[in-house]
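*Asks:* Provide a 3D model corresponding to the input given below.
(one chain, ligands or ions: 1)
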Amino acid sequence: MALSNDVVTRAVFGGKFAQQGEYIRELQEVFRLLGGFCLVDLFPSSRLVRWLSSGERHMKTSYGCIQRIIADVIEERKGTRASDAGSSTAGEEDMLEVLLRLQQEDSLKFPLTTETMAAVLFDIFAGGTETTANILSWAMSELMHSPNTMAKAQQEVREALGKDRAIITNSDHVELHYVWMVIMEVLRLHPPGPLVPRMAREECTVMGYDIPKGTSVYINVFAISRDPRYWNNPEEFRPERFENNHLNYKGTHFEFIPFGTGRRQCPGIQFSSSLIEMALTNLLYHFDWMLPSGIDLASFDMSEKFGLAVSKRYDLQLRAIPHVWSKSMSSK
Ligand code: HEM
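*Replies:* Numbering: from 1, shown residues only. Coordinates of the predicted model:
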């Protein structure tokens, strides 16, 4: 989680910011509330239920706090920009800088208010941090749980990159087909956004059920990607199932839509794919991995915690041993 937070923070704000700790805490609270049961969702028009429910109040408090923190960061940046006026930062723009430039240029069809910017930045943090962290944690868990798959992935990475590589770049991933299949299989078994929300724009019938206009509908990505009608032995972690087929997660194969599909599909696909590949490749290349002492494969925890995302019930704990290269391995 710390890694994905830091990477997203860097892309959005150019680096860490003073209130980052508080921000992340409130964001996690929002996730907890969003993923939990809320009576107001069942009785949206009942004022009594609304009054009795504390979930909505807590949500407003946390969201308000997040908006205030982002608004402070924006104001601070505006101040820095004003005092740095004239000095060029071309080519080094973070997301906030891009939004402030667009606000200044005022060339969009709608006004880009500070409130809108704060909402966009919130969406990026909310969409980008827990999802990516979840995939990495499940990827390492599945690999530990399946030693042959771990060995195959590590062999591929180490053979493709050669000995003593300090820096791994995006272009190295072109050669890492098996690692890619591992990531696809993790996205299938553990989609971080298990329920994709939509609202019916018209009255319609789905599988015999009448759906009135305006109804919230949830597409169960988790169930679809474990449906035996589309997947052989769906509960099994088997990256090889993606070998020699055309399946991808870009949203046109409806049996595999971890990033959603259509106009509201995840805009962070490229960003997260790159981050996940980079992080996982580094973990596999530089370290050998062992279970914590006292834990064997049979007792290794693979249980799930259902919420807004399906994360691991307990935090993953492993022992990382820096990899020692044998003399016979060649450098690239
Ligand atoms: C493994 C990583 C990720 C997964 C599996 C994932 C999955 C999803 C899914 C399923 C949706 C809903 C799509 C739909 O309604 O059709 C979504 C939306 C979104 N995601 Fe991601 N996401 C990931 C990473 C990211 C990252 C890194 C960012 C930003 C840097 C991001 C930003 C967003 C945003 C802003 C939305 C809302 C889009 C909209 O409503 O128009 N996501 N994501």
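*Asks:* only C-alpha atoms from now on, for both contacts and neighbour counts.
*Replies:* Fine.
*Asks:* measure E76 to L121 for me?
*Replies:* 15 Å (Cα to Cα, to the nearest Å).
*Asks:* scratch that, E97 is what I was asking about
*Replies:* 12 Å.
*Asks:* equivalent analysis for E175, please.
*Replies:* Counting by Cα to Cα, the gap from E175 to L121 is 34 Å.
*Asks:* equivalent analysis for A298, please.
*Replies:* For A298 relative to L121 (Cα to Cα), the value is 42 Å.
*Asks:* more neighbours, those two?
*Replies:* Between A298 and L121, counted using other Cα atoms under 10 Å, L121 has the larger neighbour count: 20 against 7.
*Asks:* who's in contact with that one?
*Replies:* Going by Cα atoms under 8 Å, 6 or more residues apart in numbering, L121 touches 12, 70, 96.
*Asks:* how far away is the residue most central in space within the chain from I70?
*Replies:* In the chain, the residue lying closest to the centroid (Cα atoms, centre = their mean) is T131, at 2.2 Å. Counting by Cα to Cα, the gap between T131 and I70 amounts to 21 Å.
*Asks:* the ligand contacts on the stretch 101-250 of the chain?
*Replies:* Residues of the stretch 101-250 of the chain lying close to the ligand (Cα under 6 Å from any ligand atom) are 123-124, 127-128, 131-132, 135, 191-193, 196-197.
*Asks:* where along the protein do the strands fall?
*Replies:* 195-199, 204-206, 209-211, 216-220, 287-290, 304-305, 311-312, 319-322 (DSSP state E).
*Asks:* just give me how far the biggest helix by length in the chain sits from the chain centre.
*Replies:* Looking across the chain with DSSP state H, the single longest helix is helix 114-145. From the chain centre to the centre of helix 114-145 is a distance of 3 Å (Cα atoms, centre = their mean, to the nearest Å).
*Asks:* one more: stretch 145-152?
*Replies:* The chain centre lies 24 Å from the centre of stretch 145-152; the measure is Cα atoms, centre = their mean.
*Asks:* L3: what's it in contact with?
*Replies:* By Cα under 8 Å, 6+ apart, the neighbours of L3 are A133.
*Asks:* for the ligand, see how far away it is.
*Replies:* 12 Å (Cα to the nearest ligand atom, to the nearest Å).
*Asks:* same check on A223?
*Replies:* 13 Å.
*Asks:* same check, this time on F237
*Replies:* Counting by Cα to the nearest ligand atom, the gap from F237 to the ligand is 17 Å.
*Asks:* what's the answer for P147, then?
*Replies:* From P147 to the ligand the distance is 23 Å (Cα to the nearest ligand atom).
*Asks:* please apply the same query to S107.
*Replies:* 21 Å.
*Asks:* that residue: neighbour count?
*Replies:* S107 has 10 nearby residues by other Cα under 10 Å.
*Asks:* report pLDDT for it.
*Replies:* On the pLDDT scale, S107 is placed at 85.
*Asks:* what does L52 give?
*Replies:* 68.
*Asks:* same question for R25.
*Replies:* 88.
*Asks:* which residue does the stretch 1-150 of the chain have closest to the ligand?
*Replies:* With Cα to the nearest ligand atom, the shortest gap between the stretch 1-150 of the chain and the ligand falls at G128, namely 3.3 Å.
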